[in-house]
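>>> return a 3D structure for these sequence lines:
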Amino acid sequence: MAQRISILFLIVFIGYRGLVRAEDYKRTVITDPSISRRCELLTEERKEKIGNKQRILAMIERNKHLQKITPENKVTLKKKLEVNLGHLEHELTLVQTQIQFHEENIVRKGCPGITL
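All right, here's what the predicted structure looks like:
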């Protein structure tokens, strides 16, 4: 008799534990709208930075093309283009750092379903 009660108790206890785990799973699913909005803002900022990066890359290519077609006797123009290229490359490294920061921030904040 005691053995049957202990077996019955184990069956009920294990069944109850299974229900509790299912409830825990339901609580861990992210449904908070503030988290979704924050993740949207983070991805929008990242997209803006990527757009800036593409614009800077286009300006770098344009600058290099202008350096190639500039006549040799235009010394000051060539120097200005070289200085400008240095500034653009510096801006490119800054934007790449910002993009990396945003990606790390997205991962750190735990945004669900976002692929980078």
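>>> H102 - how many residues pack around it?
Counted by other C-beta atoms under 10 Å, the residues lying close to H102 total 20. To be clear about C-beta, it is placed using only N, CA and C from the backbone, and glycine gets the same treatment.
>>> and the pLDDT at the residue nearest to it when sequence neighbours are not counted?
Nearest residue to H102 in three dimensions, chain neighbours excluded: R46, at 4.3 Å (C-beta to C-beta, 6 or more residues apart in numbering). Predicted confidence (pLDDT) for R46: 91.
>>> got the contact list for R46?
Listed by C-beta atoms under 8 Å, 6 or more residues apart in numbering, the contact partners of R46 are I99, H102, E103, I106.
>>> show the low-confidence segments of this structure, by residue range.
In the predicted model, the chain carries pLDDT under 70 at residues 1-35, 112-116.
>>> what about the helices in the protein?
Applying DSSP state H to the chain gives helices spanning 2-28, 33-69, 75-109.
>>> for M59, give me its contacts.
Contacts of M59 by C-beta under 8 Å, 6+ apart are L88.
>>> residues contacting the nearest residue to N52 once chain neighbours are set aside?
Closest residue to N52 apart from its sequence neighbours, by C-beta to C-beta, 6+ apart: V95 at 5.3 Å. Residues counted as contacts of V95 (C-beta under 8 Å, 6+ apart) are K49, N52, K53, I56.
>>> for these, give me a markdown table that also has neighbour count.
Below are the contacts of V95 laid out as a markdown table (neighbours: other C-beta atoms under 10 Å):
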| residue | neighbour count |
| --- | --- |
| K49 | 20 |
| N52 | 16 |
| K53 | 17 |
| I56 | 20 |
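>>> between the residues you listed, which is closest to E91?
Taking C-beta to C-beta as the measure, E91 lies nearest I56 of these, at 5.5 Å.
>>> and the closest residue to the closest one other than its chain neighbours, how many neighbours?
Residue nearest to I56 in three dimensions, not counting chain neighbours: L92, with 4.9 Å by C-beta to C-beta, 6+ apart. L92 is flanked by 16 other residues according to other C-beta under 10 Å.
>>> now L92: how far from G110?
The gap separating L92 from G110 is 30 Å, by C-beta to C-beta, to the nearest Å.
>>> got the CA coordinates for stretch 60-78 in CSV?
The C-alpha trace of stretch 60-78 is given here as CSV (Å, rounded to 0.1, in the frame of the first residue of the first chain):
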residue,chain,number,x,y,z
ILE,A,60,36.7,57.6,-51.3
GLU,A,61,36.4,56.0,-54.8
ARG,A,62,35.5,59.4,-56.3
ASN,A,63,38.5,61.0,-54.6
LYS,A,64,40.8,58.3,-55.9
HIS,A,65,39.4,58.7,-59.4
LEU,A,66,39.9,62.5,-59.2
GLN,A,67,43.5,61.9,-58.1
LYS,A,68,44.2,59.8,-61.1
ILE,A,69,42.8,62.3,-63.6
THR,A,70,44.2,65.4,-62.0
PRO,A,71,47.1,66.9,-64.1
GLU,A,72,50.5,66.7,-62.6
ASN,A,73,51.0,70.5,-62.7
LYS,A,74,48.0,71.0,-60.3
VAL,A,75,50.1,70.4,-57.2
THR,A,76,47.8,72.2,-54.7
LEU,A,77,44.8,70.4,-56.0
LYS,A,78,46.5,67.0,-55.6
